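# model this:
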Amino acid sequence: MTTNTTKNSKGLDWQEIWDKYGVNIIPPIVAIFIFGAIWQLFSTESFPGPIKVLQDSFTERNGVRLIDPFFIQGTTNKGLFWQVLASLQRVAIGYSLAAIVGIIFGVITGVSVTMHRAFDPIFQFLRTVPPLAWVPLSLAALRQNEPAALFVIFITAVWPILINTAVGVQQIPQDYNNVAKVLKLSKQKYFFKILLPAALPYIFTGLRIAVGLSWLAIIAAEIVMSGVTGIGFFIWDAYQNNFVSEIIIALFYIGGVGLILDRLIGFIASLIVPEEQK
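Numbers count the residues shown, from 1 in each chain. Predicted coordinates for the structure are as follows:
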């Protein structure tokens, strides 16, 4: 009787596992290795390579190692975990406000042709303004760092939500609207039974774009906030003290958190948006 040599005593088919997961694991590992090698090759004294960055991570500065993300020494001298957490709290506030305002005004401009014609040029104009350009204006208007930072996050995130929501409402099939008229649905039932389900894919597209922009805007927002905890201030402080390795490590944190936020919104969308609408 022959036995399958690719299976162990518990019956695991390693060939099947390799075919299923290996093709998705090996290419990214190879790509990361190539990227690291190129980075190391072109590294200089002012732009350290991965080996130097790793060494600096284990080097004590002010009695702590950067590799420890949980250390706390004073108000602003904290590990990257606390820096990222503080930034996420600001993003959560600014992004939530942008989602509420964006969806409401997106529905209004999507339903009303007159409102869309009146405000769409303004929305399209304002959405092209970069986050950094809002920083001095927000400081001048609000006079306080924290509200100014939240405003920069809000004004960066609101436009993709608003515009995508409006497009989603405008794309509702006319047959749906005809059925609503025939059944004489109330405005409330029309909103929850027809408009919202039909526009959900567009709304989540806007939310997914906006969460990435919110996380990008945190750097601009926190640069204006001197002496506070946050990943943007951490990077600015490292730059002023010429700690380039710390900047690079912080960028890895920012990229990782941004990827998680994007996947999180995508996962929520997969649970809420009907399969036939994706």
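# Apart from its chain neighbours, what residue comes closest to residue 97?
Closest residue to residue 97 apart from its sequence neighbours, by C-beta to C-beta, 6 or more residues apart in numbering: residue 154 at 5.1 Å. Where C-beta positions appear, they are placed from N, C-alpha and C, glycine not excepted.
# Oh, that last question was meant for residue 72, not what I typed.
Leaving aside its sequence neighbours, residue 72 sits nearest to residue 78 (C-beta to C-beta, 6+ apart; 5.1 Å).
# what sits against the one you found?
Applying C-beta atoms under 8 Å, 6 or more residues apart in numbering, we find residue 78 in contact with 71-72, 229.
# What is the nearest of the residues you listed to residue 159?
Using C-beta to C-beta, residue 229 comes nearest to residue 159 of the contacts of residue 78, at 28.1 Å.
# where's the spatially most central residue of the chain relative to residue 71, distance?
Among the residues of the chain, the one closest to the centroid is residue 212, at 2.7 Å (C-alpha atoms, centre = their mean). Counting by C-beta to C-beta, to the nearest Å, the separation of residue 212 from residue 71 is 29 Å.
# list the buried ones in the helix or strand containing residue 177?
Residue 177 belongs to helix 174-183 when assigned by DSSP states H and E. By neighbour count on 16 or more other C-beta atoms under 10 Å, the buried set for helix 174-183 is residue 180.
# what's the pLDDT at the residue nearest to residue 72?
Per-residue pLDDT puts residue 78 at 77.
# Could you do residue 100 as well?
Residue 100 carries a pLDDT value of 95.
# C-terminal to the worst-scoring helix or strand of the chain on mean pLDDT, which secondary structure element comes first?
The least trusted helix or strand in the chain, going by mean pLDDT, DSSP states H and E, turns out to be strand 64-65, with a mean of 60. Next in sequence after strand 64-65, counting helices and strands by DSSP H and E, comes helix 80-111.
# Only the buried residues of that following helix, if you could.
By neighbour count with 16+ other C-beta under 10 Å, helix 80-111 contains the buried residues 80, 82-88, 90-91, 93-95, 97-99, 102-103, 105-111.
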